[in-house]
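Peer 1: Okay, predicted coordinates and the sequence, questions at the end:
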Amino acid sequence: MAPLGRRHPPPRPTDGGIPLNPLSLIVLLGSAGDAWILALVAIRGRRRWLQATFAACTLAFLINGAAFVGTTEGLWSQTPEDVLLGILLLSHALTAILVLGLIHGEALPRKRAAAFLLLVPVPVLTFLAPSQGWTAATAFDETVLGGFLVLCFGIALAEAIYARSASPMFAPHAFWIAVGMVALIIGGPVYTYELLILGLAPLAGANVAVPVGLACFARVALQTRPFPVRPKVARGRTTAGTVRSADAILFDEARPKYALRVAHEEAQANRPTLIVKRRPPPITMSGASFAAIEGGRHAAERTLTTASDFLTTAPGGLVVLEDLADLSALSGWRSVREALVRLRHLARGTASTAIVCPSRLTESERKSLADLAFATWTLPDPATEIVAILGQSFGSGAGRLVDSFCRGHGLRRDELTTDHVPALLAFLSRALGDLTGVVSDAAAHGLRVQFEAAGSVLRSFASQRAEEVARGKWPSRKAIQEETDLLVTAKEYWKGREMEELFAAADAVLEREPLYERARVVFVEQLGDAGEGVLQTQLARLGKRPQDLEKRDLARIADRTGMDLKSVAEVVDVPVEKDRIRRQIESIRQRLESIAEDPE
Amino acid sequence: MDERLRTFAIRSGFLFVISLVLVAGFWYHREFYQIGFTNLLLIGGLVTFLVIWAARLAMTGELPRGRPSGELALSVDEADRLLKRIAHLVVRPSESLVVPPVGGVVRATYETGPEVTRLVIEDARRAFLSEVTDEDARGAGFRSAADLLDAGRTRWRWRPSDVVTLLRVRPTEGSR
């Protein structure tokens, strides 16, 4: 039809458009909400199976909603009834599977497969529907079909209620899942029943409460998502390590030193290894993966899902859970205890190993942990043992020698590990070399013999694996009388003045030990092998050679390195990495300042 | 406007909106409820009960974080620093410390007993005293880790090998 002039607009729908059924509007708005929630879970989620189930469930509800709106508003002809019914069945079964996946997120693949058995009746019921006269509109009638739909929602709700009462760790999440399920039940079957009572058109598969339900599920999915793991591990079963598999082992040590050492040893042997701890470690070359525990009430669940994700990706792997005490402070001990029980099942189910470190736990927590009857390896503090070994040769002054070494390397004594043994021996060797000419030849010879004896024991101790150390006698526990069995004892050579000469020599070593070497140790410990390159770059900027390095240069190097690394941190988007770099900067700065301020 | 009055107004407004929604819901479903007095009694009773329950929690300030659990005894100086937001860390021996997990609310009292405020626990970690840094100590309102150790030595006979819990806290909104 041609327009008749200015006052007659071209043909188009009347102002205000086609009147929309209020229920259709609600379902349409709900569908938009569903899509937004789905996108959120897809972007921010970190569990592919759960995300896939969530997506499938949401899509099924979306299709049902679209079919209802399309049919009600006459946008298309009647949707094929069997297809609609099939999708309705699918959405309910997937809801139950999704809830089971949320609650048992760390479950093994075979348990996951068991949950998917709920899908088996879907094609059967869809096939039977035409012959039985079942439709989406009458789906909640008292039929086998209605029974299955109610069963799906019932399983999900019952599981949520059970988890709420039985699981201290999952109780807050179970509450939200139960809220979501109640909303779905009210928005689906109950509302359909109300519409029937009112004599209105039934929802025919649509559910007005889907956004509420999905929002609750999404909240749980995101709150329990795993921590980011870097580097990611390759999928598949891998090399067996030296630590026995299919178990959880408690490494009872004051500080988790052997636990970390085992992790790096296993990683170097190509076993997939994950270290879960609060703060990112310095860069290491062992190849172990790392996940930083983020602060928050749900840290225990997230730690468990992180371990679960890792071990189902790489069965036979090793997970080292270092900061159990921090988890307890964040989530409460009851949640952590439950997470440990589940972690043990997970380790057994995937033929993997979980190492947990009870360092910094309270007495009551330790007692509760003992009730779990984990295999326990009681391990010494290497710092104590190193002092004890040196004490066998150098008497009560061993602690002062170790302190001199630590001062020179910007370490606290409690930070000493077996990795420091070679550097300590080199340090002592230089100190003993300085005593030549200061003490008599006989005494110097005796010192050398004593040093070699101590060095041998130290090297032997450092080379012991954690399992051997846990079984063996520790130097600090050996009877004092063993000292008398030595062929040459410190007492024969180190009397009064000589002892003081040794300490003076050790301090002198500090003074003479090249600053470059001490700075290099700091850089390499924090930045890995690349650390030496960073130090050399800074030296080049100062226009100095390693042997010309002075103490006042260290402060400048610390400042400049800090600025360089800060600029690196600024371009990093990952908060964990940013935090790690920030800590590295701080650690390098503190230790270089400690060396520079050392009075010697 | 006074902070408490503002909080009261917000909470009351929230409660009033819920009441309106409730009445609107009953009106919308008036035909449905005509099917029987029992249905109305059960469903309406349940919904009203939930609303009253939520209102009670809202008015006592226990929503959305729940009621406070545990107690932190603070010295006058410590409480003052926290209330003025000069400090945000509380360092306590881990043994015998009873506080809720992160996100929970703890009741802060003076050592003599009266309640000072309620604190939301934002973060928590444990450390050996020897690992507490100067930055941590400054967060707790001390000049250095050595000062913090000195203060704890008098109060709790701290040694560097003792384990402490560092709580990052924030006074709840509406507390003075």
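Peer 2: Received it, and whenever you're ready, just let me know what you need.
Peer 1: alpha carbons only for contacts and neighbour counts from here, please
Peer 2: Will do.
Peer 1: Break the chain into its domains for me.
Peer 2: In the absence of a named chain, chain A is used. A:22-223, A:229-233+A:242-378, A:381-512, A:514-600 (automatic domain parsing).
Peer 1: sorry, should have said chain B
Peer 2: Using automatic domain parsing, the domain ranges for chain B come out as B:3-59, B:71-171.
Peer 1: So A:His298 versus A:Val83, what's the distance?
Peer 2: 41 Å (Cα to Cα, to the nearest Å).
Peer 1: Relative to the single longest strand found in chain B, what are the paired strands and their orientations?
Peer 2: Ranked by number of residues, the top strand in chain B under DSSP state E is strand B:115-128. Here strand B:115-128 has these sheet partners by DSSP bridges: strand B:105-110 (antiparallel), strand B:163-171 (antiparallel).
Peer 1: Tell me the helix or strand right after it.
Peer 2: helix B:134-139 (DSSP states H and E).
Peer 1: and that following helix with chain A, contact?
Peer 2: No: Helix B:134-139 stays clear of chain A (Cα under 8 Å from any Cα of the partner chain), getting no nearer than 11.0 Å.
Peer 1: Whatever helix or strand comes next after that helix and chain A, are they touching?
Peer 2: Sequence order places helix B:145-156 as the next helix or strand after helix B:134-139, per DSSP H and E. No: Helix B:145-156 stays clear of chain A (Cα under 8 Å from any Cα), getting no nearer than 14.3 Å.
Peer 1: Lowest mean pLDDT among the helices and strands of chain B, which one is it?
Peer 2: helix B:30-33 (a mean of 69; mean pLDDT, DSSP states H and E).
Peer 1: I'd like the next helix or strand past the one helix or strand A:Met181 maps to.
Peer 2: Secondary structure from DSSP H and E places A:Met181 in helix A:171-185. Next helix or strand after helix A:171-185 toward the C-terminus (DSSP H and E): helix A:191-198.
Peer 1: could you say what helices and strands that next one packs with?
Peer 2: For helix A:191-198, the contact count by 3 or more Cα pairs under 8 Å, 6 or more residues apart in numbering or on different chains; DSSP states H and E identifies helix B:30-33 as packing neighbours.
Peer 1: Recalculate using a threshold of 10 Å.
Peer 2: Where contact means 3 or more Cα pairs under 10 Å, 6 or more residues apart in numbering or on different chains; DSSP states H and E, helix A:191-198 is packed against helix A:171-185, helix B:30-33.
Peer 1: What residues of the first one count as buried?
Peer 2: Applying a neighbour-count criterion of 16 or more other Cα atoms under 10 Å in any protein chain shown, one finds A:171, A:173-185 buried in helix A:171-185.
Peer 1: Pick the one among these closest to A:Thr376.
Peer 2: Nearest to A:Thr376 out of these is A:Ala171 (Cα to Cα; 29.7 Å).
Peer 1: what's the spacing between that closest one and A:Phe68?
Peer 2: Going from A:Ala171 to A:Phe68 by Cα to Cα gives 36 Å.
Peer 1: With A:Val524 instead?
Peer 2: Distance from A:Val524 to A:Phe68, counting by Cα to Cα: 65 Å.
Peer 1: Between those two, which has more neighbouring residues?
Peer 2: Between A:Val524 and A:Phe68, A:Phe68 has the larger neighbour count (other Cα atoms under 10 Å in any protein chain shown), namely 25 against 20.
Peer 1: tell me which residues in the helix or strand hosting that one are buried?
Peer 2: Following DSSP H and E, one finds A:Phe68 within helix A:48-72. Using 16+ other Cα under 10 Å as the test for burial, helix A:48-72 gives A:50-51, A:53-72.
Peer 1: list the helices and strands it packs on?
Peer 2: helix A:22-44, helix A:81-103, helix A:210-223.
Peer 1: if I look at the closest residue to A:Thr192 other than its chain neighbours, how far off is chain B?
Peer 2: Distances taken as Cα to Cα, 6 or more residues apart in numbering or on different chains place A:Pro202 nearest to A:Thr192, at 5.7 Å, with adjacent residues excluded. A:Pro202 is 14 Å from chain B, where distance means Cα to the nearest Cα, to the nearest Å.
Peer 1: wait, what's in contact with A:Pro202?
Peer 2: A:68, A:136-138, A:191-196 (Cα atoms under 10 Å, 6 or more residues apart in numbering or on different chains).
Peer 1: Quick check, B:Val90 in contact with B:Gly152.
Peer 2: No: using Cα atoms under 10 Å as the test, B:Val90 is too far from B:Gly152 to be in contact (11.7 Å).
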